[in-house]
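Trainee: show me the folded form of this:
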Amino acid sequence: MRTISCGHTHTASVMTMFIVGLLALAVHNVNGGGDSGDCLKDYIQVIQGTTGNLPSGTPIFSVQIINECPRDCSIAQIHLSCDSFASELLINPMIFRKLGSNDCLVNNGKPLANGAVISFEYASSARFPLAVSSLTCLP
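Mentor: Residues are numbered from 1 along each chain as shown. Model prediction:
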């Protein structure tokens, strides 16, 4: 009696590897820089300025977070290093919120379209240094 193998196991594993490869190309998660094809932290610009004071005299700072991806990509899961961020003004947590020690999330992790700006204000006796710590570029 002869056994005939139709190769379904081999075909399935090749297809699985192909799909995994496509997913890896579709979403490129970074924590740093690299080649020009990479998703760079520099694609997100964080601008801060003072806009006035609360009646108590506490300075109010405005923050703009801008997607400047040169490849027309959306950027999601934007995390900023934010030290011990705290504000006397309430900030919509869907726009900006502290997750933990030195980790704040922008736009609830949702994609920020190319050229889009998300902004908020906070009040604090001192300006907090906000810098991109990680992000995910989407095609």
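
Trainee: quick one: low-confidence ranges for this structure?
Mentor: Where the chain drops to pLDDT under 70, the residues are 1-37.

Trainee: how much space separates residue 75 from residue 118?
Mentor: 11 Å (C-beta to C-beta, to the nearest Å). Yep, even glycine has a C-beta here, placed from its N, CA and C like the rest.

Trainee: please apply the same query to residue 111.
Mentor: Separation of residue 111 from residue 118 (C-beta to C-beta): 11 Å.

Trainee: before we move on, back to that, mutual contacts of residue 75 and residue 118, please.
Mentor: Common contact partners of residue 75 and residue 118 (C-beta atoms under 8 Å, 6 or more residues apart in numbering): residue 112.

Trainee: how about the helices in the chain?
Mentor: 8-26 (DSSP state H).

Trainee: for it, which segments count as strands?
Mentor: 28-30, 44-53, 59-67, 74-81, 96-100, 103-106, 117-123, 131-138 (DSSP state E).

Trainee: of all those strands, which one is nearest residue 90?
Mentor: Ranking these by proximity to residue 90 (C-beta to C-beta) places strand 117-123 first, at 9.5 Å.
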